[in-house]
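>>> here is my input, please return the structure:
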Amino acid sequence: MIKTYSTKRAIIDLMIVKEQVKKLFSSNEKYKKLIEFIFDKDYLNDNDLNIPSIKTISLIVGLTSPKTTKLIKELYDEFLERKLKFTETEVIFFMKYFDKHHQVIIKDIKHLPKIGDQIDMSFVNAKIGIGMHYVNKIEHVFENNIQRIYVSLIAGYFNLYFHYRKSKAYERSEISSDDYYSGDDYLIREKLKKIRD
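Numbering: from 1, shown residues only. Model prediction:
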């Protein structure tokens, strides 16, 4: 039975974790030609390449378009049923202070910080003008064999009430999404002073 999701999106999803797909299915004769073709070039990161069409893939694997679609969806479904293993972890700290930005990548971290935690990275003081930050946002991205954890830091000290008030103002459309996601806390505080609670 052919699933109702987009075949093109299924191909893209498989490309995002190609190392895991190759490890699990490269020796499977049913999927071998398909895997070799869709992973032969870096379609996701090369702007000069388009994701191959079903017609193109069909010519390579030697099947009709409907059978190729079915094969892709079977591979995708079978992949999602497997236990996946992300063997590497990278923690990327993004720091922001007014118009200055910097990032630090850490390969091995013992404890992942939480929203509101204070982070002292005094070794970046000369570069961006401050060392003390707090965790504003955490995102996890899984790609190939890597789990990337993006930790967004804002200069200064965490204030639970301000965090609540900023979220409330955003939900009420009192501040823009730019303010909420990347605005400077000082400027947002000034805006919020003009808005009655």
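>>> list the buried ones in the biggest strand by length in the chain?
Longest strand in the chain by number of residues, with DSSP state E as the criterion: strand 132-143. When neighbours are counted by 16 or more other Cβ atoms under 10 Å, the buried residues of strand 132-143 are found to be His133, Tyr134, Val135, Asn136. Every C-beta, even on glycine, is put in place using the N, C-alpha and C of the backbone.
>>> now do stretch 45-63, average pLDDT.
The average of the pLDDT scores along stretch 45-63 is 91.
>>> quick one: Gly129 and Tyr150, what's the gap?
Look at Gly129 and Tyr150: by Cβ to Cβ, to the nearest Å, they are 22 Å apart.
>>> burial of the nearest residue to Lys30 once chain neighbours are set aside, as a residue count?
Once flanking residues are discounted, Lys30 sits nearest to Leu71: 7.5 Å by Cβ to Cβ, 6 or more residues apart in numbering. Using other Cβ atoms under 10 Å, Leu71 has 19 other residues around it.
>>> centroid residue for the chain?
For the chain, the residue sitting closest to the mean C-alpha position, by Cα atoms, centre = their mean, is Val141 at 3.8 Å.
>>> could you give the bridge partners of that one?
Bridge pairing for Val141 (DSSP bridges) gives the partners Arg148.
>>> quick check, it in contact with Tyr150.
Yes. Counting by Cβ atoms under 8 Å, Val141 does reach Tyr150; the two are 6.9 Å apart.
>>> where in this structure is pLDDT low?
1-3, 196-197 (pLDDT under 70).
>>> just the C-alpha atoms of the helix or strand containing Asp13, please, in PDB.
If you go by DSSP states H and E, Asp13 is part of helix 7-16. Presented in PDB, the C-alpha positions along helix 7-16 are these (Å, rounded to 0.1, in the frame of the first residue of the first chain):
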ATOM      1  CA  THR A   7       7.700  10.900  -2.000                       C
ATOM      2  CA  LYS A   8      10.000  13.900  -2.600                       C
ATOM      3  CA  ARG A   9       9.900  14.800   1.100                       C
ATOM      4  CA  ALA A  10      10.700  11.100   2.000                       C
ATOM      5  CA  ILE A  11      13.800  11.300  -0.200                       C
ATOM      6  CA  ILE A  12      14.900  14.500   1.500                       C
ATOM      7  CA  ASP A  13      14.400  13.000   4.900                       C
ATOM      8  CA  LEU A  14      16.500  10.000   3.900                       C
ATOM      9  CA  MET A  15      19.200  12.300   2.600                       C
ATOM     10  CA  ILE A  16      19.400  14.100   6.000                       C
END
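>>> tell me which helix or strand comes right after that helix.
Later in the chain than helix 7-16, the nearest helix or strand by DSSP H and E is helix 18-25.
>>> angle of that following helix against strand 132-143?
Calculated by axes from the mean of the first three to the mean of the last three Cα atoms, to 10 degrees, helix 18-25 forms an angle of 40 degrees with strand 132-143.
>>> could you point out the longest helix in this protein?
Ranked by residue count, the top helix of the chain under DSSP state H comes out as helix 65-80.
>>> check which residues of that one are buried.
Going by neighbour count (16+ other Cβ under 10 Å), the buried part of helix 65-80 is Thr68, Thr69, Lys70, Leu71, Ile72, Lys73, Leu75, Tyr76, Phe79.
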